[in-house]
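Student: My questions are about this predicted structure, shown below with the sequence.
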Amino acid sequence: MHRLDARVKLVLVLAYVLTTALAPQGAWAVYLLLFSLVTAAYILSELPLKKVYLRSLIALPFALAALPLIFTLPGPAWFSLKLGQITLTASTTGAERAISILLKVWLSVQAGIFLSAVTSRNALLAAMRALKLPRLLVSVMGLMWRYLDLMIAEARRLLRARASRSTSSPLTGQRNGGKITWRANVTGGMAGSLMLRSLERSERVYQAMLSRGYDGESRETRHHPLTGKDRLILFSGLVVLLGINLLALLWTL
Amino acid sequence: MRYSPVAMHIPDGFLSVLVSIIFWIISAAFIAVALKRVSRDLGEREAPLMGVLAAAIFAGQMLNFTVTGGTSGHLLGAALAAILVGPWAAMLVMTAVVATQALIFQDGGLVVLGANLFNMAVVGVAVGYTVYRLVQNLSGGKRWGMLAGGFLAAWASIFIASLSCALQLSLSGTSPAQIALPTMAGIHALIGIGEGLITFGALAFVLGARPDILSNAQAPTKNSRGLLVGGVALSLLLAVLSPLASSHPDGLEWVAEQSGFLDAARAPWFNIIPDYVLPGIQNEALATILAGVIGVMIVLAAISGLNLSRRRQTVAEEA
């Protein structure tokens, strides 16, 4: 899977996420098929499943926002909760909807994790360009990724510097001092410093690019045409997803 | 690895496909305009400037300060970026940041990326820039105006973006407006204060260290256009929100009903759009939305007409 062309992977993952989004609520068979698809992809790529599932929990906080649907969506009553004076009635349609959303979120996140795990950054950029994304946008993202680690390290240094100068510490159990506005101001200064450094660094980067012949045009390597194997996988992948979409369509009938 | 600071990155599955597609189209349109504008204004240095700034904004979202106990305030950065490099470049910067978060870190979905981009890269930047410019004009370009403008711009960018997010959720049927709106609005009214304070501090720092950067950003090209776009987007948004928000009668009307002097009001001479609902359209919500949109268009036309006539006047005077 790692060796598969990035364009194929990008298109298939996007098609997968779209299929998941189109699936109607409560189409359990469809969800199962989609789950087996993504799990198969992981197994074929020899990725550690446990790590992937741990990482997919990142979407959990926002996903919990779907829970109120159990009570707000009208439908046949399922059970009731009494909270003081308020009685919350859960509906089966609401529960179905909430669970469907949670499953969809989980499946989509897994697909996203798959894409970023098996595709190198450069390959991903080239794939985006091949899919006709605007050149400037792709170069901005490319440069951003190039300097991301540097900027994150700088942000970490700022945080560490602040921590080493602050009174709060897990050893003493003391809290941060000062008013909240002061703390926010300090953080603001850190952010401002980060922004300024980035602007001045970009100046240096630009000069460096100029001295190496940059003229405003970012050129890209010629794309290899897709090999037969790539084409086969792309085609069969799209056919399978189309089939799942048709199944989802039949489900609603 | 990433802390998810602002609770606005919608995951896949939360928005209906129709809403996702609509906002993809809207965001794509704005980004296309931004690409053209930036190429014209910045020229060659655009890519390194925006790329490194995008990396800095992404990293800057990790900077936090403790509010109480376990919670902390974070930075989104849309308003700050808009103030530092102008609205169109900031839009591209935030696009890169949000897209990277979705693509690499799964913070936000791929199908709903268009909607997330709209909330954070388009609305966040446009509202932040508009408010900042307004406060600047009001204060006559003084230093306190820049700082206060930064605070208000940052707060507004978060708040309005959260309204947009709630709108998308309720349009998709994921969360009814009565729950989504007050929840999102309430939470982000508070989060916005954190953003405002951090932006304030950041601007103070930049003003102290490199005031020329901010004064460079003051000399914009054709920026009344950007202002107009921001204001229009804002008004359209609110126009669409009004029917969904609540069907309670206007505050004054309610009081009037209670006190019994509602009937005392005279019927107007003419009823172009009676009761803010276009006659002839069945669905009341749709009708209200259309009425709001038409109203905004009329105001827009009036402003443009005024601008045109003023320009003709100055040309005539110079001639």
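Tutor: It's in.

Student: hey, let's count contacts and neighbours off CA atoms from now on
Tutor: OK.

Student: quick one: the strands in the stretch 1-150 of chain A?
Tutor: A:77-83, A:86-91 (DSSP state E, counting those that start in this stretch).

Student: quick one: average confidence on the shortest one?
Tutor: The reference is to strand A:86-91. Average pLDDT, strand A:86-91: 70.

Student: do the same with stretch A:127-139
Tutor: Stretch A:127-139 comes out at a mean pLDDT of 85.

Student: That stretch near chain B anywhere?
Tutor: Yes - using Cα under 8 Å from any Cα of the partner chain, a contact is recorded between stretch A:127-139 and chain B, made by A:136-137, A:139.

Student: okay, the residues you listed in CSV with neighbour count next?
Tutor: Output for the residues of stretch A:127-139 next to chain B, formatted as CSV (neighbours: other Cα atoms under 10 Å in any protein chain shown):
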residue, neighbour count
A:L136, 22
A:L137, 22
A:S139, 23
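
Student: which residues touch the nearest residue to A:L143 once chain neighbours are set aside?
Tutor: With Cα to Cα, 6 or more residues apart in numbering or on different chains as the criterion, A:L143 has its nearest non-adjacent residue at 4.8 Å, and that residue is B:G51. Residues near B:G51 by Cα atoms under 8 Å, 6 or more residues apart in numbering or on different chains: A:139-144, A:147, B:93.

Student: go with 10 Å
Tutor: Contact analysis of B:G51 by Cα atoms under 10 Å, 6 or more residues apart in numbering or on different chains lists A:136-148, A:198-199, A:202, B:57, B:92-93, B:96-97.

Student: Okay, now the unreliable bits of the chain?
Tutor: As the question left the chain open, I've gone with chain A. Residue ranges of chain A with pLDDT under 70: A:1, A:59, A:65, A:69, A:72-74, A:82-88, A:168-178, A:216-222, A:252-253.

Student: Switch to chain B, please.
Tutor: For chain B, the ranges with pLDDT under 70 are B:1-7, B:43-44, B:67-71, B:215-319.

Student: list the contacts for A:R55?
Tutor: By Cα under 10 Å, 6+ apart, the residues touching A:R55 are A:49, A:109-110, A:113, B:1, B:105-106.

Student: Buried residues of stretch A:189-207, list them for me.
Tutor: Neighbour-count burial for stretch A:189-207 flags A:189-199, A:201-203, A:205-206 (criterion: 16 or more other Cα atoms under 10 Å in any protein chain shown).

Student: What about chain B: which of these touch it?
Tutor: A:189-199, A:201-203, A:205-206 (Cα under 10 Å from any Cα of the partner chain).

Student: mind listing the helices for chain A?
Tutor: Listed in chain order, the helices of chain A (DSSP state H) span A:6-22, A:28-44, A:49-56, A:60-63, A:69-72, A:92-118, A:121-130, A:135-164, A:180-211, A:228-252.

Student: Could you list the residues in contact with the last one?
Tutor: By Cα under 10 Å, 6+ apart, the list of residues contacting helix A:228-252 from outside reads A:3-9, A:11-13, A:15-16, A:18-20, A:22-31, A:33-34, A:37, A:225-226.

Student: For A:R157, give its distance to B:N64.
Tutor: In this view, A:R157 and B:N64 are 13 Å apart by Cα to Cα, to the nearest Å.

Student: So between those two, which is more surrounded?
Tutor: Per other Cα atoms under 10 Å in any protein chain shown, whichever of A:R157 and B:N64 has more neighbours is B:N64, with 25 against 12.

Student: related to what we said a few turns ago, can you select the buried ones from the contacts of A:R55 in ChimeraX?
Tutor: Restricted to buried positions by 16+ other Cα under 10 Å, the ChimeraX selection for the contacts of A:R55 reads:
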select /A:109,110,113 /B:105,106
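
Student: So what's the residue count around B:A180?
Tutor: When neighbours are counted by other Cα under 10 Å, B:A180 comes out with 22.

Student: Just the element for the spatially closest residue to it that is not a sequence neighbour, please.
Tutor: Leaving aside its sequence neighbours, B:A180 sits nearest to B:A166 (Cα to Cα, 6+ apart; 5.3 Å). Using DSSP states H and E, B:A166 falls within helix B:143-171.

Student: How about B:R37?
Tutor: Secondary structure assignment for B:R37, by DSSP H and E: helix B:17-42.

Student: Pull out the buried positions in that helix.
Tutor: Across helix B:17-42, burial judged by 16+ other Cα under 10 Å covers B:17, B:19-21, B:23-24, B:27, B:30-31, B:34-35, B:37-39.

Student: That one near chain A at all?
Tutor: Yes - using Cα under 10 Å from any Cα, helix B:17-42 reaches chain A at B:17-18, B:20, B:31-32, B:35-36, B:38-39.

Student: Touching, B:S16 and B:I10? I think so.
Tutor: No - contact status for B:S16 versus B:I10: not in contact, 11.8 Å apart, counting by Cα atoms under 10 Å.

Student: Quickly list what's touching both of the two.
Tutor: Counting by Cα under 10 Å, 6+ apart, the contacts common to B:S16 and B:I10 are B:112, B:168-169.
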